[in-house]
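Visitor: this is a predicted model, with the sequence first.
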Amino acid sequence: MIELKNVSKIYGSEKKDTFVKALTDIDLTIEDKESVSIIGKSGSGKTTLLNIIGTLIKPTSGHIIIDGIDMAELSLDKLAVFRNEHIGFVYQAYMLEGSLTATENVALPLMISGEAPKKAFIKAEEMLEKVGLFERRKHKPDELSGGEKQRIAIARAMIKDPCLILADEPTGNLDEETGRMIMKWLKELTKEKKFIMVTHDNELASLADRQIRIKDGRIC
Ligand SMILES: Nc1ncnc2c1ncn2[C@@H]1O[C@H](COP(=O)(O)OP(=O)(O)OP(=O)(O)O)[C@@H](O)[C@H]1O
Ligand SMILES: [Mg+2]
């Protein structure tokens, strides 16, 4: 279970022009195996909320408790390990490593946690098979289509069998048909997990168990 208690995020300081109250007093509970979509206008705080849940940024105040662990109590090193072990990220811009093959990209989280390359590559190829891209395993990102790149990114996000998958506009760079296909993969692969997705697309949002709308940094 994920619990956000009275979470606020302020960027910059009051004296500077970059001062922004991005999130205000967010209380939110997400159960295990629940899928949630976050919708709201550009600048409303969606990415900030997702990145706070993903422990990539710290809230200015409030607490994030994931499976009973208060994220504020973990050191930066422990947080990085926690993220690599328990959270899978999927981004609009794929964020694949351009110099690595599909297999190497998918294997990366395993290598980070010290798994031997040979074993990691076997697991990565099994994962590529699950997203229908075994044939593309030796391709580098610029030799793949947008939809294929996103499936590689999904395979990478899933490789350590994380309990939580976070996706920020995962279909934002794709045409409608490819976006639907990616959504099908995401739904299928995350059905036993907590899955939180930011999207502008109301139809995609409606596929999640619950929709959360944010406006000016508040849940409404
Ligand atoms: N590092 C930062 N420093 C200062 N302000 C920031 C920073 N990051 C985001 N903001 C501001 O915080 C607010 C929320 O940003 P956020 O990226 O969470 O919005 P969003 O809902 O994801 O928007 P979009 O749909 O355009 O991606 C915006 O007003 C943005 O300008
Ligand atoms: Mg955003």
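Guide: Noted; the coordinates are in hand. Ligands and ions are numbered 1, 2, ... in the order given.
Visitor: and the strands in this structure?
Guide: 2-11, 20-30, 35-39, 61-66, 69-70, 87-91, 164-168, 194-198, 210-215, 218-219 (DSSP state E).
Visitor: direction included, what does the last one pair up with?
Guide: Same thing as strand 218-219. strand 210-215 (antiparallel) (DSSP bridges).
Visitor: ditto for the third one
Guide: Strands that pair with strand 35-39, judged by DSSP bridges, come out as strand 194-198 (parallel), strand 210-215 (parallel).
Visitor: what about the helices in the protein?
Guide: Along the chain, counting by DSSP state H, helices occupy 46-53, 76-86, 102-112, 117-130, 146-158, 176-189, 202-205.
Visitor: got the buried residues for the second one?
Guide: It refers to helix 76-86. L79, R83, N84, H86 (16 or more other CB atoms under 10 Å). The way it works is simple: take the backbone N, C-alpha and C, and place the C-beta from them, glycine included.
Visitor: tell me, what residue is most central in this structure?
Guide: Central residue of the chain (CA atoms, centre = their mean): L166, 2.4 Å from the mean position.
Visitor: thinking again about what came up before, any chance of the buried residues of helix 76-86 in TSV, with distance to ligand 1 and pLDDT too?
Guide: Formatted as TSV, those follow (distance: CB to the nearest ligand atom, whole Å; pLDDT from 0 to 100):
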residue	distance to ligand 1	pLDDT
L79	18	95
R83	19	93
N84	23	91
H86	22	94
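Visitor: what residues does this structure put near ligand 1?
Guide: Selection of the chain residues close to ligand 1 by CB under 6 Å from any ligand atom yields 11-12, 18, 20, 22, 40, 42-48.
Visitor: at 8 Å instead, please
Guide: Residues of the chain found near ligand 1 (CB under 8 Å from any ligand atom) are 9, 11-12, 18-20, 22-23, 40-51, 168-169, 198, 200, 214, 217.
Visitor: residues contacting K193?
Guide: K33, P162, C163, L164, I165 (CB atoms under 8 Å, 6 or more residues apart in numbering).
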